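**Student:** sequence plus predicted model, see below.
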Amino acid sequence: MDRKRELRRHMLSRLRQLPAPEKRVCDRQIAGYLYQWTPWKQARAIAITVARETEVDTAPIIEQAWREGKKVGVPKCDPAAKMMTFRRIVSFAQLEEAYAGLLEPIEEQTMAMDREEFDLIIVPGVCFAKNGFRIGYGGGYYDRYLPGAAAVTAALAYSFQVVDDIPAEEHDVPVEFIITDKGVIRCER
């Protein structure tokens, strides 16, 4: 657990130090690889978060999904239950600042989406191992949401966020792919 905490702290520090111009270039490269990737092309519905400042910018990706006619589901967290649901958004105006400063769907303006509707789930994280295990932000929301999901799971990450190994716990759920500024990594287990 200490190694996980240390990796999270180190990687968050590195993400905060990434110069904005370099970040923008990498964000575009990651999006480019994503749009050419077969599971993206085939997906009719995607689950994705609205990125925080240090994460790969997902706003252009969400806009591209809308242009391609894909349904977009964004998570709504329930911190008391430590659970999340996804709600369909068709506009960024349907978002409000909520739990932990995240932009989340406004319930009255959006419809719930079932896990079975998604063809692709983009999973956020701070650090990723080549086998798909990840260090998130410590809430465990995705580790509770993903079991039983049939959708392809992937993460968007800067290449320096991918490390050889991350300590995994029994409840951790790995992603199948990591899309980086250097290409698509198929996670081997």
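**Tutor:** Looks like it arrived, so ask away.

**Student:** name the residues that touch the longest strand along the chain?
**Tutor:** Longest strand in the chain, counting residues (DSSP state E): strand 71-78. Identification of contacts with strand 71-78 by Cβ atoms under 8 Å, 6 or more residues apart in numbering yields 44-50, 62, 65-66, 83-90, 95, 98-100, 102-105, 107, 113, 117-118, 139, 141. For every residue, glycine as well, the C-beta is placed using N, CA and C.

**Student:** now, these that are in strands?
**Tutor:** Checking the contacts of strand 71-78 against DSSP E, those in strands are 45-47, 83-88, 95, 103-105, 113.

**Student:** these, buried ones only, as a PyMOL selection?
**Tutor:** Burial among those is assessed by 16 or more other Cβ atoms under 10 Å; the matching PyMOL selection reads:
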select buried, resi 45+46+47+84+85+86+87+88+95+103+104+105+113
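
**Student:** mind putting the ones in strands among the contacts of strand 71-78 into CSV with distance to Gly125 and pLDDT?
**Tutor:** Formatted as CSV, the ones in strands among the contacts of strand 71-78 follow (distance: Cβ to Cβ, whole Å; pLDDT from 0 to 100):
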residue, distance to Gly125, pLDDT
Ala45, 21, 98
Ile46, 17, 98
Ala47, 14, 98
Met83, 18, 91
Met84, 15, 94
Thr85, 20, 96
Phe86, 17, 97
Arg87, 21, 98
Arg88, 23, 98
Leu95, 21, 97
Leu103, 18, 94
Glu104, 18, 95
Pro105, 21, 97
Met113, 21, 97
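
**Student:** for the lengthiest helix in the chain, what is the distance to the chain centroid?
**Tutor:** Ordering each helix of the chain by length in residues (DSSP state H) puts helix 20-36 first. Using Cα atoms, centre = their mean, to the nearest Å, the mean C-alpha position of helix 20-36 is found 15 Å from that of the whole chain.
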